[in-house]
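[1] Prediction below, plus the sequence it came from.
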Amino acid sequence: MLFQSQGFILIFLPATLAAFYALANRPTGREYALILASLIFYGWWDPRFIPLLVGQTIFTWMIAEAFLRKPSPFWIWIGVAANLAVLGFFKYALFVAGAAVSFVGLPEPGWNIVLPIGISFYTFELVSYLVDLKRGTGGHYGLRKFCLFIFLFPHLIAGPIIRHNEIIPQFDESPLRPGLAQRFGWGIAFFVVGCAKKVLIADPLARIIDPIFNIHRIPALTDAWLGALGFTFQLFLDFSAYSEMAIGLGLMLGLRFPDNFNVPYRATDIREFWRRWHMTLSRWLRDYLYIPLGGSRNGTAVYIKATLITMGLCGLWHGAGFTFIAWGLMHGVALIVCHVWQRNGRELSAPVGWAVTMVFVIVGWVVFRADDFASAGQMLAGMIGSGGIAGDTRWPLVLAAAALVSLVGPSTKDFVEENLQPRPIYGAGLAATAVLVILLVGMGQPQNFIYFQF
Amino acid sequence: MWSRFLWAFGLTALTGLAGCLLLILLVDPLGVSPIGVISKPGYAVSDRRFVAPQIIASGDFDSFLVGTSTIHHVDPARANSALGGRFATVAIHGGTPYELTKMMQLIGRNAPQAKRIIIGVDARRWCKTEPYAQYNPKVLFPDWLYDESRVNDFQGLLNLKMVGYSVRQFKIAAGWRAPLIPATGYSNSLVDSRWSLSTARKNLYKKHKKDAAAHGLDDADEAADTEGKHDHPDLVSLDRALTALPAQADVILVVMPSHFTALLNKDRSDIERCKREIAALVDKRHGTMIDFRIDSAWTRNDENFFDENHFRVGLAEALIKRVKQAMDQKQDAEDGVYRMLAGGKSLSRNADAGLSTSPRR
């Protein structure tokens, strides 16, 4: 069930909100209501994966209980290893087996493993809790609250990646506490803006650029840049839209999720880009990988090793493929170059820094989006004119809209929390947008979010 | 302040969605609503797959023309004068055997009093040796309008397209614009004024050069050699569809004329075998089967065709008269334009499309 589908907006969400607020004064009841709703939401995709989700969560909770009774790192290692093994099996077994047999010259394995949706996201949340326990910052939670932390439908499938200590304490707060109307209003605004970005801009862009990435030859310069720019904007609008809808849904339930995007395409260097892009993943990688690997305060060699390993794994987290690893390592190298450049006191003017950063990010997205290195090479060759200048595809108006929203407009957070006035006319305007989106998504199968595949 | 914002949001969203839904249900462009109040002098949806169920259910017709684009150019009004009855066409462009089976089953259910059903047999569709694709990939087939459930007719009703159709349907009812598809389902998409012999010949002789084709030498001999024992899996569906048609209805299968270059294709002998298999099914149902897809003066005449499989309106008019003739005489045409494969006498029923090695003029 996609957030922007009619089934979700017109049936699931109103029913869940009605049940939740009907039980607003009964903490246990409202938590069970949300757990049930979340399992229905998750099972809608494929009920076969519910046992895995529930099993992984209960197992992690039991490990935590064992550790809290007898604090031995053994439990934590077991828990982390088991969670990563599950993720590794579902996400990487085929990739590793394929790479191994290809290395020894055997044919590709004929079997397939279906990736449980959201597994990369919730596994990271489970792992971070166990590591926090070992660090002494993990709380002691009951099974119901712990399950709700993982299952909670707004963030279950594609984040934001939430930490236990920023969400579980919120479960005890009454959703009816003062400020309910404002929270609900903000929640609606986040959700509608996210829906509009996805349905009105990102999806139409996808329909234009997907054929360009699938032509399997060097595209003309204009087509190649349309494809590269189009995907750059589509990815941001698609993923940030999902995060905003999740944040909006959280607010409707009286919960505050962390921000995930802060106008990343306005970054003037690559380090700033990573502080603005998929912020909850960046901080997870920083806190649970980069700093434990040594970070930047233990000498240059350690810094380089930590950065490359972190970014290589960041790439691998996005997908089991060498193009993803290459994309991650590209960014790792860029972060190191940027770090050294800035440490030496050199500075680029903001426009030049922005242009260099954007070109690098766009090239990176081409590698990220391409099916393999050959396709990426063809696309990049097209971008420097090797396939001729004039292409077949007209540059659509929606690309300008995408550029405007991505580069010029305020972040959705600023728009909702700073600019949006609680006046009825704005409420009516948002409602008109919501009606348009609902009528549009009714015209066909709603398009999946790109990050669902990760 | 935020409460007023929420009220404005809720009221506007509710009014907007309820208004759209009410418009769609009252105007009912797909003919599924129990509260539809608008009369339909024609249809606002251009996709025939969405219109045909309404034509069948309208009760205005007792006879139907079923098939693909090859029968679509037969005007129901001509069929009325030639054969009697009130004809409508429910032919669908690029219809697959699955879709046509669904159509015939729908006629069986929703027009049980039907008197006559003419089925244009498009050999390219029914006579494949592998199952034909279930759906035409270019167009959506609304299965939910063709099944027995009325509940799922409402799925996907609330959308922007339906709002547009409803507005258009309302304008048609008010007489402010012409329907996209008239009430009889007939509209000619191959406009005769756009036909030219040179373009037609360019289409007709793509695969077979004109000289070779004229003498029937191209692939025909090779085809005869490659005759194999193929199954035609889609005929199982056809059998099911014929059985589903109203028992009292006259069922007439017409193998639509193709330009004779189509008869030279390598699948020629297999198609002939397929025709005989279809004839056996029609015999079982005591129906009639008339084969125009043979080497004849009609199919040799380039001026009758747009391309190999689509003929001009003039030929469509003549065809329906010949159907009447075949029904009356119950034997092959004296001038060789058609032959009876079921429901009449045929001297050449088992012959191979009558393909000669010299041109018939």
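    Sure, I can see it.
[2] from here on, contacts and neighbour counts on C-alpha atoms
    OK.
[3] My read is that residue B:108 contacts residue B:245, right?
    Yes. Using Cα atoms under 8 Å, residue B:108 makes contact with residue B:245 at a distance of 4.3 Å.
[4] Could you list the low-confidence segments of the chain?
    With no chain named, the answer covers chain A. For chain A, the stretches with pLDDT under 70 are A:109, A:445-454.
[5] looking at chain B here, not the other one
    Those would be B:190, B:207-230, B:344-361, if you go by pLDDT under 70 across chain B.
[6] need the residues of it near chain A, please.
    B:1-13, B:16-17, B:156-161 (Cα under 8 Å from any Cα of the partner chain).
[7] can you rerun that using 10 Å?
    When proximity is defined as Cα under 10 Å from any Cα of the partner chain, chain B approaches chain A at B:1-17, B:20, B:155-163.
[8] can you tell me which of those residues are in helices?
    Those of those mapping onto helices are B:2-17, B:20, B:160-163, per DSSP state H.
[9] Show me which residues of chain A sit near chain B.
    So chain A meets chain B at A:6, A:179-186, A:188-189, A:421-445 (Cα under 10 Å from any Cα).
[10] just the buried members of those?
    A:6, A:180-186, A:188-189, A:422, A:424, A:426-428, A:430-442 (16 or more other Cα atoms under 10 Å in any protein chain shown).
[11] for the helix or strand hosting residue B:281, which positions count as buried?
    Assessed by DSSP states H and E, residue B:281 sits inside helix B:268-284. By 16+ other Cα under 10 Å, the buried positions in helix B:268-284 come out as B:268-283.
[12] for chain B, what spans make up the strands?
    Along chain B, counting by DSSP state E, strands occupy B:42-43, B:63-66, B:87-89, B:116-121, B:181-182, B:250-255, B:288-291, B:339-342.
[13] Remind me what the first one packs against, helices and strands.
    What that stands for is strand B:42-43. Here strand B:42-43 is seen to pack against helix B:48-57, helix B:160-174, strand B:181-182 when contacts are counted using 3 or more Cα pairs under 10 Å, 6 or more residues apart in numbering or on different chains; DSSP states H and E.
[14] Quickly compare those and say which is most buried.
    Burial of the helices and strands packed on strand B:42-43 is given as mean neighbour count (mean count of other Cα atoms under 10 Å in any protein chain shown); helix B:48-57 ranks first at a mean of 22.
[15] In CSV, could you pull the C-alpha coordinates for that helix?
    Output in CSV follows, covering the C-alpha atoms of helix B:48-57 (Å, rounded to 0.1, in the frame of the first residue of the first chain):
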residue,chain,number,x,y,z
ARG,B,48,-14.3,0.7,-27.4
ARG,B,49,-13.4,-1.7,-24.7
PHE,B,50,-15.1,0.6,-22.2
VAL,B,51,-18.1,1.3,-24.4
ALA,B,52,-19.1,-2.2,-25.7
PRO,B,53,-20.5,-3.4,-22.3
GLN,B,54,-22.8,-0.4,-22.3
ILE,B,55,-24.0,-1.0,-25.9
ILE,B,56,-24.7,-4.7,-25.0
ALA,B,57,-26.5,-3.8,-21.8
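[16] Mind giving me the packing neighbours of it?
    Using 3+ Cα pairs under 10 Å, 6+ apart: helix B:48-57 touches strand B:42-43, strand B:63-66, strand B:87-89, helix B:97-110, strand B:181-182.
[17] Would you format these as TSV with distance to residue A:165 included?
    Converted to TSV, these look like this (distance: least, Cα to Cα, whole Å):
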stretch	distance to residue A:165
strand B:42-43	60
strand B:63-66	66
strand B:87-89	67
helix B:97-110	57
strand B:181-182	63
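[18] which stretch among these comes nearest residue A:106?
    Closest to residue A:106 of the helices and strands packed on helix B:48-57, according to Cα to Cα: helix B:97-110, at 41.7 Å.
[19] so what secondary structure elements neighbour the closest one?
    Packing partners of helix B:97-110 (3+ Cα pairs under 10 Å, 6+ apart): helix B:48-57, strand B:63-66, strand B:116-121, helix B:123-126, helix B:234-244.
[20] Please report how far residue A:228 lies from chain B.
    Taken as Cα to the nearest Cα, to the nearest Å, the spacing of residue A:228 relative to chain B amounts to 28 Å.
[21] how far out from the middle of the chain is the helix or strand harbouring that residue?
    Residue A:228 belongs to helix A:221-252 when elements are defined using DSSP H and E. Per Cα atoms, centre = their mean, to the nearest Å, the displacement of helix A:221-252 from the mean C-alpha position of its chain is 10 Å.
[22] same for the helix or strand following it, what does it pack against?
    For helix A:221-252, the following helix or strand on the C-terminal side (DSSP H and E) is helix A:270-276. Counting contacts by 3+ Cα pairs under 10 Å, 6+ apart, helix A:270-276 is packed against helix A:279-285, helix A:322-343, helix A:350-369.
[23] what's the closest of these to residue B:44?
    helix A:350-369 (41.3 Å).
[24] Count the neighbours of residue A:198 for me.
    Per other Cα atoms under 10 Å in any protein chain shown, the neighbour tally for residue A:198 reads 28.
[25] ok, now the one 10 residues further on?
    Around residue A:208 sit 20 other residues, with neighbours defined as other Cα under 10 Å.
[26] Next one: it from residue A:2, what distance?
    22 Å (Cα to Cα, to the nearest Å).
[27] Give me the number of neighbouring residues for residue B:258.
    With other Cα under 10 Å as criterion, residue B:258 counts 25.
[28] Next up, the contacts around it.
    B:70, B:122-123, B:292-295, B:298-300, B:304-305, B:307-311 (Cα atoms under 10 Å, 6 or more residues apart in numbering or on different chains).
[29] can you check residue B:285 too?
    Counted by Cα under 10 Å, 6+ apart, residue B:285 has contacts B:239, B:242-243, B:245, B:247, B:250-251, B:279, B:343.
[30] quick check: angle from the helix holding residue A:228 to helix A:350-369?
    90 degrees (axes from the mean of the first three to the mean of the last three Cα atoms, to 10 degrees).
[31] tell me what helix A:221-252 is packed against?
    Applying 3+ Cα pairs under 10 Å, 6+ apart, one finds that helix A:221-252 contacts helix A:13-22, helix A:153-156, helix A:180-196, helix A:203-213, helix A:350-369, helix A:373-383, helix A:397-403, helix A:412-414.
[32] Show me what whichever helix or strand comes after the first one is packed against.
    Which is helix A:13-22. Using DSSP H and E, the helix or strand that directly follows helix A:13-22 along the chain is helix A:27-45. With contacts taken as 3+ Cα pairs under 10 Å, 6+ apart, helix A:27-45 sits against helix A:13-22, helix A:50-69, helix A:143-151, helix A:153-156.
[33] thinking residue A:350 is in contact with residue A:358, fair?
    No. Using Cα atoms under 10 Å, residue A:350 is not in contact with residue A:358; the gap is 11.9 Å.
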